[in-house]
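pasting the sequence and the predicted coordinates here, then a few questions.
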Amino acid sequence: MALWLELDGLRVIHACWHPDSIAIVQDELGGNRFTSRDQLVR
């Protein structure tokens, strides 16, 4: 499940749209979604 979606003219996110926080998560995950269990448990 994606944590956020940015579509043409539409933004959807779980909590709030905060570009700085999104950038941190995107750098850590390599995108906008969890792709492995290792990303969930650290």
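That came through, no problem. Numbers count the residues shown, from 1 in each chain.

need the strands for this protein, in chain order.
With strands called from DSSP state E, the chain shows them at 4-7, 10-13.

direction included, what does the first one pair against?
The partner list of strand 4-7 in its sheet, established with DSSP bridges, is strand 10-13 (antiparallel).

give me the most central residue, the chain.
Asn32 (3.4 Å; C-alpha atoms, centre = their mean).

check contacts around that residue.
Listed by C-beta atoms under 8 Å, 6 or more residues apart in numbering, the contact set of Asn32 reads 2-6, 22, 25-26. Where you see a C-beta, it was placed from the backbone N, CA and C, and this is true even at glycine.

mind checking pLDDT for it?
Asn32 is assigned 86 on the pLDDT scale.

how far away is it from Val12?
11 Å (C-beta to C-beta, to the nearest Å).

overlap in contacts, these two.
4-5.

quick one on the thing from earlier: and the contacts of Asn32, which are buried?
3, 22 (16 or more other C-beta atoms under 10 Å).

give me phi/psi at the residue lying farthest from the centre of the chain?
What lies farthest from the middle of the chain is Gly9; by C-alpha atoms, centre = their mean that is 17.7 Å. Gly9 adopts backbone torsions of phi 80, psi 10, taken as degrees, to the nearest 10.

for it, give me the pLDDT.
92.

likewise the one 3 residues further on?
At Val12, the predicted lDDT confidence score is 87.

number of residues surrounding it?
Other residues lying near Val12 total 11 when counted by other C-beta atoms under 10 Å.

max-length helix in this protein?
helix 19-29 (DSSP state H).

now do the same contact list for Cys16.
Going by C-beta under 8 Å, 6+ apart, Cys16 touches no other residue.
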